[in-house]
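In: Show me how the following folds:
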Amino acid sequence: MAAGFLDKYENIPTAELVAEPHVEANVLGGTGEPDGFESSAPSNNIGLALLKRWPWLVVGVIGGLILGLLYHTQQSPLFQSSAKLLVIKDRPNMVSGGVGSTSMTMVEDYVTTQVTLLQSELIHAVAAKTLQDSQFIQKPPASDRDRVNYMIGRFTAMRERETGTSQMTNIVSLTFRSGNPRDAAQYLSSIIEAYRSQLATIYSDASAKEAERAQRDIDNLINEINNVEQGKEGIIALKQEMESITHEDLQNMRSRLTTNVNDKIAMVRKLTEAVKKLKAISEVGPDRQARIDMLVYFGGQPRQTSITTLESRNPQDVLFTFKLQRTELAQKYGRDHSEMQALDGRIRMLEQLVSTQGPLERNQLDELAVFERVLMRERDTLSDQIEQTTQQIAQDEKKIERVGDLNARREIKLAQQRDLMQKRDQRKIDLTQLQGSRTSSGYKVEEVTRPTDGAQVAPILFRSLLFGLFLGLVAGGGLALTMELTDRSFRSPAEIRRRLGLPILGHIPRIRVDMPIERPSAAGIENSLVTFYRPTSTEAEAYRGVRTQLYFSTQGRGHQVIQITSPNPGDGKSTLAANLAISIAQSGKRVVLIDCDFRKPRVHKIFMLPKPDVGLASVMSGDAPLMSAVQTCEIENLSLMPCGPRPSNPAELLTSPKFSDVLRDLREKFDFVIVDTPPVLAVSDPSAVAPRVDGVLLVFRMTKNSRPVAERAREQLGAVGARMLGIVVNASNTRSSGYGGYGYAYQYEYQYAESYAEQEPAT
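Out: The predicted model follows:
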């Protein structure tokens with residue numbers, strides 16, 4: 001199979017097989033847009049768009065520089081004089097608030113105040129009155145109002161900072177701009193003198209008012225101090241009251257209070273336990289054993305009773321003793337022994353006696369009753385002690401609270417007295433300083449640098465050119481972007497492939513008809529057939545490149561029917577069809593070129609055939625057989641089928657079944673059938689032919705509006721199911737609009753191919 005494939009191309013030169021290096025897979029017919037299909041909007045990369053339109057940027061830059069130069073020459077020169085003043089305060093800080101305020105004094109930012117004063121209309125009005133026309137080269141404005149406005153608009157005062165830090169200094173920098181260097185220095189000197197003269201007037205009144213305020217504050221403070229002095233008797237009374245309360249030390253009272261509180265807690269705990277025991281004893285009945293058990297539980301001891309001699313007169317105690325003896329004898333003799341029987345009789349008698357006697361009387365005290373009386377006495381004693389301790393604690397707490405309150409009140413009085421006295425002393429110092437500075441302005445002004453002749457600050461050539469450059473870049477960039485936004489051409493081969501979804505089979509350079517021919521023509525065919533006239537030229541090599549791409553696109557299948565069409569008239573479809581047919585015939589293939597352009601047939605004109613009476617239209621209408629319409633020419637292996645008489649119904653003929661029969665018959669007789677059809681966007685004939693052929697080549701020129709028309713043609717052909725083989729870009733060169741520098745690479749390849757073709761015969 002591979003051998004058969006190569007046999008079809010055995011006559012093709014090796015150089016022709018080296019076609020366009022970027023060959024993409026062709027896209028078959030369909031109505032959908034390919035992946036990556038983009039709208040006709042321009043690229044989003046503004047920088048790239050500006051670079052593509054760099055000539056507009058250059059024009060803008062040149063125009064901006066010229067504009068900046070003109071602006072510089074039209075401006076009047078401006079000179080600036082400068083000076084520096086050192087401002088030192090020679091009076092006390094201005095106070096904020098009066099007596100009783102939270103902050104008695106606040107340091108005043110006096111340098112900022114002086115800067116504001118220097119820029120005020122008051123100083124400039126005083127300076128304007130001292131100006132004399134004879135002092136200036138350029139006379140000042142006539143009226144005082146105009147002079148003040150003139151000086152305010154050209155004068156600046158700014159506080160300087162320490163070098164390398166943000167700390168402000170006491171130095172004020174002054175500048176004045178004027179049209180003459182000497183006038184600028186004169187204006188600045190007048191402002192400085194006016195400022196000096198106004199300092200004493202402005203601040204003398206302020207010092208007097210401040211002194212009066214300080215005196216009022218001192219008087220008020222003295223009155224408050226006297227009130228506090230009179231309140232000393234109250235402080236003494238508080239002290240006597242403290243001494244009358246107790247002679248004890250406050251620490252001793254607090255220690256005793258702590259001890260009493262702890263003792264009270266312990267006594268309350270004991271009282272609670274005694275109450276619990278009394279409650280438990282009250283719940284025990286007259287049973288002797290239960291009372292003895294309760295006594296033992298509380299830590300008491302019962303009285304011992306002799307077993308042999310009954311000293312107790314309580315029958316219950318005797319009964320208890322007999323029961324104990326019975327328990328011992330039962331273990332020793334058993335239940336049937338005579339002594340056990342006698343003992344049982346005595347127990348029964350005592351039980352009857354106890355039952356007739358009743359419960360234990362209250363006056364018959366036992367051990368638990370005695371323990372109960374002891375607990376009662378302890379309970380009463382603890383209650384009395386707790387009450388006494390509680391009273392002592394309350395008295396001590398009251399004394400401690402009173403002593404603390406008296407101490408706090410005494411400290412407050414003393415603190416108020418000290419604060420008032422400090423304020424009084426400070427205001428006396430302020431008053432002394434104010435009285436000492438009443439004769440001066442309170443400020444010292446030293447000239448660090450005197451006003452100098454002005455140096456030119458405007459216009460500056462560099463700034464003017466820079467401003468013009470900026471405007472030029474903006475204008476040029478705007479024009480470049482406008483051209484980019486309005487440009488509807490393709491910018492690169494990659495964009496053609498991406499937008500149309502088709503491979504580019506070739507780029508045909510503009511045909512140079514004025515070049516010398518390499519072989520003559522007997523029939524005098526058109527000089528645009530460069531594959532015949534100049535087979536070693538760059539243009540012929542480009543057509544052979546399209547032929548090679550076509551061979552690969554058809555995958556080696558013979559008897560192919562290829563349609564050639566374009567979006568608009570004038571794109572060079574007929575020239576491409578003719579040169580492609582010649583180049584295929586030169587490779588040894590039998591080719592027939594059919595003229596299906598029934599509107600404006602061109603094939604017979606290109607090959608200089610006489611106006612044919614028989615052609616494709618005759619065959620389609622049934623007026624002539626197929627082969628009678630096929631003509632030969634002076635090019636070997638190439639046959640032509642012109643249009644013949646133009647029919648009145650071309651669209652109906654091309655859509656009839658007869659046209660498919662004609663193509664089938666020609667396919668059997670020729671290796672390739674090249675069909676030249678009208679433009680796609682002009683008439684519907686190409687859309688009728690496209691579904692009946694094996695492949696379609698779309699050719700267009702690179703123009704300003706090439707992108708939308710190519711996209712529309714691609715969509716129309718895809719809508720009818722055409723099998724698109726690829727794109728051929730016609731009349732491509734380095735000056736193709738919107739095609740970047742891509743044409744340079746192809747120009748280089750064409751020149752290389754031409755040079756190679758010139759050397760081949762010698763080899």
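In: And the pLDDT for the spatially closest residue to residue 428 that is not a sequence neighbour?
Out: Of all residues beyond its chain neighbours, the one nearest residue 428 is residue 218 (6.1 Å), with distances taken as CB to CB, 6 or more residues apart in numbering. Any C-beta I mention is one placed from the backbone N, CA and C, and that applies to glycine too. Residue 218 carries a pLDDT value of 78.
In: Residue 218 reaches residue 429, doesn't it?
Out: No - Residue 218 lies out of contact with residue 429 (CB atoms under 8 Å); the separation is 10.4 Å.
In: Those two: which has the busier surroundings?
Out: residue 218 (19 against 11; other CB atoms under 10 Å).
In: Could I get the full set of strands for the stretch 301-450 of the chain?
Out: Under the criterion DSSP state E, counting those that start in this stretch, the stretch 301-450 of the chain contains strands at 443-449.
In: wait, what's in contact with the residue lying closest to residue 553 once chain neighbours are set aside?
Out: Closest residue in space to residue 553, ignoring its immediate chain neighbours: residue 725 at 4.6 Å, by CB to CB, 6+ apart. Shown in contact with residue 725 (CB atoms under 8 Å, 6 or more residues apart in numbering): 26, 505, 550, 553-554, 562, 695-697.
In: Let's verify residue 725: helix, strand, or coil?
Out: State at residue 725, reduced to three classes by DSSP: H, G, I helix; E, B strand; the rest coil: strand.
In: distance of it from residue 580?
Out: As judged by CB to CB, to the nearest Å, residue 725 and residue 580 stand 12 Å apart.
In: Now do the shared contacts for these two.
Out: 550, 697.
In: Kindly provide the whole-number mean pLDDT of stretch 727-744.
Out: In this model, stretch 727-744 has an average pLDDT of 57.
In: Could you do stretch 614-626 as well?
Out: For stretch 614-626, the per-residue pLDDT averages 89.
In: distance between that stretch and the chain's centre?
Out: In terms of CA atoms, centre = their mean, to the nearest Å, the centre of stretch 614-626 is found 74 Å from the chain centre.
In: got the contact list for it?
Out: With CB under 8 Å, 6+ apart as the test, stretch 614-626 has contacts from 594-596, 598, 628-629, 641-647, 650, 653, 656, 658-659, 662, 665-666.
In: Narrow these to those that are buried.
Out: Neighbour counting by 16 or more other CB atoms under 10 Å classes 594-596, 598, 629, 641-645, 647, 650, 653, 659, 662, 666 among the contacts of stretch 614-626 as buried.
In: What is the nearest of these to residue 679?
Out: Within those, proximity to residue 679 (CB to CB) peaks at residue 596, which comes in at 12.2 Å.
In: mind listing what that closest one touches?
Out: Listed by CB under 8 Å, 6+ apart, the contact set of residue 596 reads 616, 643, 654, 675-678, 685, 689.
In: Which of those fall within helices?
Out: Residues of the contacts of residue 596 located in helices (DSSP state H): 616, 654, 685, 689.
In: Got a PyMOL select line for the buried ones in those?
Out: Buried subset of the ones in helices among the contacts of residue 596, written as a PyMOL selection, criterion 16+ other CB under 10 Å:
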select buried, resi 616+654+685+689
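In: Where does residue 86 sit: helix, strand or coil?
Out: strand.
In: In TSV, list the contacts of residue 596 along with distance to residue 252.
Out: Formatted as TSV, these follow (distance: CB to CB, whole Å):
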residue	distance to residue 252
616	139
643	139
654	132
675	130
676	131
677	128
678	128
685	129
689	128
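In: Let me know the closest of those to residue 81.
Out: residue 678 (82.6 Å).
In: Quick check: phi and psi at that closest one.
Out: phi -70, psi 170 (degrees, to the nearest 10).
In: Near it, how many other residues are there?
Out: Using other CB under 10 Å: residue 678 sits among 23 other residues.
In: Next one: it relative to residue 685, how far apart?
Out: Separation of residue 678 from residue 685 (CB to CB): 5 Å.
In: shared neighbours, these two?
Out: Taking CB under 8 Å, 6+ apart as the contact rule, the neighbours common to residue 678 and residue 685 are 596-599.
In: Report the buried residues of stretch 64-74.
Out: Using 16+ other CB under 10 Å as the test for burial, stretch 64-74 gives 64-65, 67-68, 71-72.
In: JSON lines please, covering those and showing pLDDT and distance to residue 386.
Out: Output for these, formatted as JSON lines (pLDDT from 0 to 100; distance: CB to CB, whole Å):
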{"residue": "64", "pLDDT": "89", "distance to residue 386": "105"}
{"residue": "65", "pLDDT": "89", "distance to residue 386": "109"}
{"residue": "67", "pLDDT": "90", "distance to residue 386": "108"}
{"residue": "68", "pLDDT": "86", "distance to residue 386": "106"}
{"residue": "71", "pLDDT": "84", "distance to residue 386": "106"}
{"residue": "72", "pLDDT": "84", "distance to residue 386": "107"}
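In: Which stretches in the stretch 551-700 of the chain count as strands?
Out: 560-565, 591-595, 631-632, 638-641, 672-676, 695-701.
In: How about the stretch 51-200 of the chain?
Out: Ranges of strands within the stretch 51-200 of the chain are 78-89, 155-161, 168-178, based on DSSP E, counting those that start in this stretch.
In: Can you convert the ones you listed into a markdown table and add a column each for mean pLDDT?
Out: Shown next, in a markdown table, are those (pLDDT from 0 to 100):
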| stretch | mean pLDDT |
| --- | --- |
| strand 78-89 | 89 |
| strand 155-161 | 91 |
| strand 168-178 | 91 |
